[in-house]
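Visitor: generate a structure from the sequence data that follows.
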Amino acid sequence: YYETMRERIQHRPEFMVSLMKIEGASPEVDGAIRGMAPVALPASSFDIDLDAYRGLIKRLDAVAEASLVIRPGGTLEIKVTEREPVILWRTATSVEMLDAAGHRVATITARDVRPDLPLIAGAGADRAVPEALALLQAAGPILPRLRGLVRMGERRWDVVLDRNQRLMLPEQNPVRAMDRVLALDAAEDLLSRDFTHLDMRNNDRPTIRLSETSLEKFREITGQVTKAKAGQ
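Guide: All right, here's what the predicted structure looks like:
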C-alpha cells in the first residue's frame, strides 16, 4: 500500500518533468547532454538526481560549469558555461583545443580547422599554456612570422619562425628573453639575418647559428682575410 501511494504521489502532474531546456551550449554539447540524461522524459522529478546529472555534464571536456533546476510547469533547465579554446596543442596523434588553463576543450581533425588559434607542440606543452600565452603576447611585433611554440624537454620553449628559424628560450624568465630578442631586432635588424637558431639560454652570451649558405660565405670571407694578412 505504501509503495502504491508513493508512486501515485511522485507521478502526480505537478511533479512531472516533460521538457528539457539547455542554455549556453553548442550543438555538439547540447546533444551530448541530452544523450546522457538519466531518464527519458516525461519523468517524475523524484527520479532525476540533479547532482549526479550535473556531475556527468561537468565531465564533458568542453564544459566549465553547469547548473540544473526544475522550473514550475515541468521544465528541467540546464545552464552551461563552455570552456573557450585559446590555443591548439599538436600531439603525436591529434590536435587538441585547450583553454587558457590548459584544459582540453575538444579534438579537431586538422590545424586548418582553427587557423585563428596559435599552435603549441611537444610533451608537457598543455601544462604550460599560461606561459605560452604570455610569450605570444610578448612576441606581438613578430607574430606574423611566428609558426608556433615547441616545448623542449617539458621545461622550456623554442619559438618557431618562418624561414626555418628558431629562437631557443631559457627555462627561467622566457618572456624577458623574448623582450631582449625584440630589442636586438629593433636595434640591429637581427631577425632578418640568415640564421637557423638564435640561442638565448645563456643570458650573458646569446649565440647565433648561421645557415649553411651564410656559413659558407663567412668561411670565404674569413679565408680571404687570412690570405690577405699572410700576404702582408
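Visitor: which SSE is V69 in?
Guide: V69 is located in strand 63-71, with elements delineated by DSSP states H and E.
Visitor: counting by contacts, list what that strand packs against.
Guide: Under the contact definition 3 or more Cβ pairs under 8 Å, 6 or more residues apart in numbering; DSSP states H and E, strand 63-71 sits against helix 50-58, strand 75-82. The C-beta positions use only the backbone N, C-alpha and C, and glycine is treated the same way.
Visitor: what residues does the shortest one touch?
Guide: What it means is strand 75-82. Defining contact as Cβ atoms under 8 Å, 6 or more residues apart in numbering, one finds that strand 75-82 is touched by 17-26, 29, 33, 41, 48, 57, 62-71, 105.
Visitor: tell me what angle that strand forms with helix 50-58.
Guide: Using axes from the mean of the first three to the mean of the last three Cα atoms, to 10 degrees, the direction of strand 75-82 lies 40 degrees away from that of helix 50-58.
Visitor: next, the distance between the ends of stretch 168-175.
Guide: Distance across stretch 168-175, first residue to last, is 12 Å (Cα to Cα, to the nearest Å).
Visitor: report the contact partners of L136.
Guide: Counting by Cβ under 8 Å, 6+ apart, L136 has contacts 118, 143, 146, 149.
Visitor: dump those to CSV, plus pLDDT, distance to A177 and neighbour count.
Guide: CSV is the format used below for these (pLDDT from 0 to 100; distance: Cβ to Cβ, whole Å; neighbours: other Cβ atoms under 10 Å):
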residue, pLDDT, distance to A177, neighbour count
P118, 97, 18, 18
L143, 95, 17, 10
L146, 97, 15, 18
L149, 98, 13, 27
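Visitor: columns distance to S192 on top of those, output as TSV?
Guide: Converted to TSV, the contacts of L136 look like this (distance: Cβ to Cβ, whole Å):
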residue	distance to S192
P118	23
L143	16
L146	15
L149	21
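Visitor: widest-spaced pair of those residues?
Guide: Greatest spacing in these, by Cβ to Cβ: L143 and L149 (11.8 Å).
Visitor: output the lowest mean pLDDT helix or strand found in the protein.
Guide: When each helix and strand of the chain is scored by mean pLDDT, DSSP states H and E, helix 212-231 comes last, with a mean of 60.
Visitor: and the strands in the protein?
Guide: With DSSP state E as the definition, the chain shows strands at residue ranges 16-17, 19-23, 43-44, 63-71, 75-82, 87-90, 95-98, 104-108, 119-121, 146-152, 156-161, 165-168, 195-199, 207-210.
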